[in-house]
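Trainee: Quick one, fold the following:
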Amino acid sequence: MMRWLQEFGFQKSSYERPNQKWVCGRARDGQCCLTGPDASGNCGATAECRPLRKGDRWHCSRSNAMGGACSEGPLPDGSCCRTIPRCTPNRSLRSWRGITVLLVVGATLGLLLVSMSLRRGANAFSPGELSFSHRSVGNKCSECHYGLEGRPAVWFTTSVKSPSAHDNSQLCLKCHNLSGTAMYPHSLAPERLQSLTQASMKKNGRGNPSAGIALASFVPSVAHVGGGEIACATCHKEHNGKAADLKKLTNNQCQGCHATQFASLSAGHPQFAGYPFERRTRIIFDHETHLLGHFNEATVSKMAPHSCMDCHEPDLRGGTMVLKSFASTCAACHDDQIKAKSAVKAGVPFIAIPRMDDRVLKGKYSIGEWPEDADQPITPFVKFLLSGDAELRNALNKIKGLDLSSLPSNDVEKLQAAQQVAWGIKSLIFDLSTLGQDELVRRINHSSGRTLSDYEKEGAVAFLNAEVIRGAFQSAFPNLQKEVVDYRKKTNAAPTQLVSSPEAPKAGPVKTARPEDWVSQGGWYSPDASFTLNYHPRGHSDRFLSAWMNLTVDGSKAIDSLSSEALFKELSASKGVGLCVKCHSIDDSPAKLVNWMGSRPDPVVHGFERFSHSAHLSLMDSRGCLTCHSMSLKDPRSKGTDDYASTFEPGKQDPSMFHSNFKVIDKNVCASCHQSGLVRDDCLLCHNYHIGKFKQIAPHASIFGALHAEVGKD
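Mentor: Prediction:
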């Protein structure tokens with residue numbers, strides 16, 4: 001049986017007014033009057049009842065709760081015979097609660113107003129503790145929230161409009177350098193993202209999403225409406241404590257926006273497309289040829305590596321397997337080849353004196369003193385250095401392909417051109433022997449159309465000095481200074497005169513090393529009676545060869561692109577001195593360059609995929625790296641057009657077109673371990689969200705401001 005807290009019948013209970021602020025003072029004795037206090041708390045009681053008139057008689061109306069009708073009855077005038085003394089009304093519980101609430105609200109508002117006027121008052125408005133990464137921000141809300149500069153009291157007076165998510169995200173980008181498209185999905189421009197989406201849909205289709213993901217796809221989002229901007233706070237939630245991971249995203253968060261959707265890596269994830277090979281290798285190394293051929297040869301087998309780790313090692317982050325140094329991997333077999341110890345041609349000609357036709361180059365076509373036994377062709381280096389002068393460049397073009405030792409006597413134009421080239425060569429030797437390395441650098445800068453860095457200067461000059469040049473050509477041009485000075489004064493050119501070669505020294509009792517042997521470890525030398533200045537590479541990583549190849553690989557900016565290309569062709573010949581291109585590939589896109597180093601991860605570049613080799617090395621079986629990487633062996637019936645080596649043939653310099661030594665990684669290789677209940681298989685384990693080149697920045701660093709501040713203190 002239900003029992004009420006109060007009897008509601010008027011005959012059994014006094015009528016209570018819970019909405020009034022005051023209650024009768026006799027309520028605590030259970031004898032509250034019927035009238036009760038007024039709204040101001042004044043007692044309104046007069047008598048126990050208000051008699052009722054029926055006909056010509058008055059009847060008592062006292063309720064049963066007050067004892068029922070009294071025996072005396074009303075007075076003849078109709079008033080109650082039982083008067084009630086006035087009481088002192090009390091505040092009701094409701095009234096006290098209201099007062100308490102008002103006091104608390106008032107105190108709270110007061111505290112807020114006080115805190116808003118304090119510098120650290122922002123703590124009162126913080127919705128929670130910051131993550132560990134952002135704890136250094138402290139109570140500076142304006143670092144992350146637009147329009148909250150200064151004390152909290154100022155926020156409400158300076159904010160003209162409520163800050164948008166875009167405004168707050170711009171504050172994030174002060175510290176997190178994510179390029180100009182940072183707020184677009186994956187930090188990619190909408191056009192780029194759209195092309196990737198279309199390619200994915202064409203190849204993989206819609207996928208097989210779960211019911212939850214499929215339903216989530218119907219909810220409009222920026223990913224579905226043309227790739228609009230996404231605020232940082234959409235995915236990165238702050239004020240969840242110092243242990244919160246701001247980068248953590250669930251698979252559903254990723255899948256909800258993707259065009260191709262699937263349940264997990266093992267269930268629906270598309271097959272890898274070309275991973276991990278995006279381009280051909282930078283260093284030319286045919287694994288198939290070496291592993292199945294060279295390393296089995298008797299002369300090499302003792303020096304051959306026994307495992308992949310003999311040549312490769314994880315980078316500092318453990319993500320990429322990089323090549324070890326040349327000295328520890330290749331030098332045992334290839335060092336002597338590079339130093340040309342067994343080659344007939346050990347050096348590269350830098351300056352050479354050609355044989356000139358003294359029979360026709362006389363009179364007004366005179367070339368002064370000229371070595372009688374000179375017979376070397378003009379080197380590509382000399383042509384490149386002379387090409388900076390327009391007249392000499394035209395002269396070289398006119399005698400291109402001619403035999404300078406047998407010139408046509410009746411072709412004035414070619415005779416004049418040959419004379420100009422002869423004096424150009426003599427002027428070059430004179431300038432280098434008197435002005436030194438600065439003159440060589442000046443000519444290189446002018447001919448190449450760009451300014452060399454200090455590092456490039458050191459390599460291109462390679463310690464060439466005036467004494468070496470004078471020693472190489474003193475016997476060829478005994479009066480070079482006088483002849484060149486007179487020629488430049490526009491006086492008549494010195495008459496052509498052949499200079500005999502000096503007698504070769506007689507063999508003595510002590511064997512003397514040849515000039516090229518003196519520089520077996522690299523340097524400048526002049527072969528006996530050759531009137532040529534040569535450079536002998538010092539071995540692997542020779543600065544001279546690499547500097548000149550870098551200088552001429554892209555001749556688009558050179559004064560004479562043809563001379564630049566000819567010089568590069570000379571240095572990059574398959575059997576050229578140094579054998580550089582035997583191992584170092586040449587790219588023509590996205591820029592023309594020589595790949596001197598193997599692939600190295602760029603710490604500021606973030607791609608879609610990431611993988612940690614270090615975390616997987618202990619999981620390999622007896623096959624080593626072949627546990628995951630399967631060899632792609634050449635079909636023995638092919639004619640060499642579908643193998644690794646064909647990628648690097650002359651004329652094939654597009655790094656995106658290649659045949660790898662290894663097959664593409666199969667998705668099932670990864671999914672065999674990475675699946676629910678075994679190993680993590682969430683999206684962010686293998687994928688980055690923000691894509692691009694992101695450099696670290698110091699948003700508040702200003703060395704000049706700091707310096708002025710320090711000076712001001714002093």
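Trainee: So what's the residue count around the nearest residue to residue 308 once chain neighbours are set aside?
Mentor: Once flanking residues are discounted, residue 308 sits nearest to residue 625: 4.2 Å by Cβ to Cβ, 6 or more residues apart in numbering. All C-beta spots, glycine's among them, are computed from the backbone N, C-alpha and C. For residue 625, the count of nearby residues is 16 (other Cβ atoms under 10 Å).
Trainee: Just confirm residue 625 is within a helix.
Mentor: Yes. Under DSSP: H, G, I helix; E, B strand; the rest coil, residue 625 sits within a helix.
Trainee: Hmm, residue 311 and it touching each other?
Mentor: No. Using Cβ atoms under 8 Å, residue 625 is not in contact with residue 311; the gap is 10.5 Å.
Trainee: quick revisit: confidence score at the residue nearest to residue 308?
Mentor: Listed pLDDT for residue 625 reads 92.
Trainee: I'd like the distance between it and residue 674.
Mentor: 19 Å (Cβ to Cβ, to the nearest Å).
Trainee: same deal with residue 322?
Mentor: In terms of Cβ to Cβ, residue 322 sits 24 Å off from residue 674.
Trainee: Got the domain ranges for the protein?
Mentor: 1-91, 94-163, 344-502+513-582 (automatic domain parsing).
Trainee: Rounded mean pLDDT for the last one, please.
Mentor: When the per-residue pLDDT values of domain 344-502+513-582 are averaged, the result is 92.
Trainee: what's the helix or strand containing residue 685 in contact with?
Mentor: Per DSSP states H and E: residue 685 is located in helix 683-686. With contact meaning Cβ atoms under 8 Å, 6 or more residues apart in numbering, helix 683-686 is reached by 247-249, 251, 254-255, 609-611, 670, 674.
Trainee: List only buried entries from those residues.
Mentor: By neighbour count, with 16 or more other Cβ atoms under 10 Å, these hold 251, 254-255, 611, 670, 674 as buried.
Trainee: want to throw those residues into JSON lines with pLDDT, distance to residue 176 and secondary structure?
Mentor: As requested, those are arranged in JSON lines below (pLDDT from 0 to 100; distance: Cβ to Cβ, whole Å; DSSP: H, G, I helix; E, B strand; the rest coil):
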{"residue": "251", "pLDDT": "86", "distance to residue 176": "24", "secondary structure": "helix"}
{"residue": "254", "pLDDT": "86", "distance to residue 176": "20", "secondary structure": "helix"}
{"residue": "255", "pLDDT": "84", "distance to residue 176": "25", "secondary structure": "helix"}
{"residue": "611", "pLDDT": "92", "distance to residue 176": "24", "secondary structure": "coil"}
{"residue": "670", "pLDDT": "93", "distance to residue 176": "30", "secondary structure": "helix"}
{"residue": "674", "pLDDT": "93", "distance to residue 176": "29", "secondary structure": "coil"}
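Trainee: Quick check: of these, which lies closest to residue 127?
Mentor: residue 254 (26.3 Å; Cβ to Cβ).
Trainee: The closest one and residue 197, how far apart?
Mentor: Taking Cβ to Cβ, one finds residue 254 at 14 Å from residue 197.
Trainee: Over to residue 406?
Mentor: From residue 406 to residue 197 the distance is 68 Å (Cβ to Cβ).
Trainee: Going along the chain from the helix holding residue 685, find the next helix or strand for me.
Mentor: Sequence-wise, the next helix or strand downstream of helix 683-686 (DSSP H and E) is strand 692-693.
Trainee: Run through the helices of the stretch 551-700 of the chain in chain order.
Mentor: 561-571, 667-671, 683-686 (DSSP state H, counting those that start in this stretch).
Trainee: which one of those is the most hemmed in?
Mentor: helix 561-571 (a mean of 20; mean count of other Cβ atoms under 10 Å).
Trainee: Let me see the residues that make contact with that helix.
Mentor: Helix 561-571 is touched from outside by 348, 380-381, 383-384, 387, 393, 396, 447-448, 545, 548-549, 551-553, 555, 558, 576-578, 580, with contacts defined as Cβ under 8 Å, 6+ apart.
Trainee: give me that answer again for 6 Å
Mentor: Helix 561-571 has contacts (Cβ atoms under 6 Å, 6 or more residues apart in numbering) with 380, 383-384, 387, 549, 552-553, 555, 558.
Trainee: Centre of the chain to it, how far?
Mentor: 34 Å (Cα atoms, centre = their mean, to the nearest Å).
Trainee: was I right about residue 549 contacting residue 593?
Mentor: No. Residue 549 lies out of contact with residue 593 (Cβ atoms under 6 Å); the separation is 9.5 Å.
Trainee: neighbour count winner among these two?
Mentor: A count of neighbours by other Cβ under 10 Å puts residue 549 above the other of residue 549 and residue 593, at 24 against 17.
Trainee: Could I have the CA atoms of whichever strand or helix holds that one written out in CSV?
Mentor: Using DSSP H and E, residue 549 sits within helix 543-552. Coordinates of the C-alpha atoms in helix 543-552 are reproduced here as CSV (Å, rounded to 0.1, in the frame of the first residue of the first chain):
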residue,chain,number,x,y,z
ARG,A,543,86.6,15.8,-55.9
PHE,A,544,87.8,16.9,-59.3
LEU,A,545,85.8,14.4,-61.3
SER,A,546,82.7,14.8,-59.2
ALA,A,547,82.8,18.6,-59.3
TRP,A,548,83.2,18.8,-63.1
MET,A,549,80.5,16.2,-63.7
ASN,A,550,78.1,18.1,-61.4
LEU,A,551,79.0,21.3,-63.2
THR,A,552,78.3,19.9,-66.7
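Trainee: Touching that helix from outside, list them.
Mentor: Contacts for helix 543-552 (Cβ under 6 Å, 6+ apart): 448, 456, 459-460, 462, 535, 537, 564, 567-568, 571, 578, 580, 594.
Trainee: Now intersect the residues you listed with the strands, please.
Mentor: 535, 594 (DSSP state E).
Trainee: And the strands in the stretch 601-714 of the chain?
Mentor: Counting by DSSP state E, counting those that start in this stretch, the stretch 601-714 of the chain has strands at residues 605-606, 692-693.
Trainee: for the last one, packing partners?
Mentor: The reference is to strand 692-693. Judged by 3 or more Cβ pairs under 6 Å, 6 or more residues apart in numbering; DSSP states H and E, strand 692-693 has no packing partners among the helices and strands.
Trainee: Provide the strand pairings for that strand, with the direction of each partner.
Mentor: Paired neighbours of strand 692-693 in the sheet (DSSP bridges): strand 605-606 (antiparallel).
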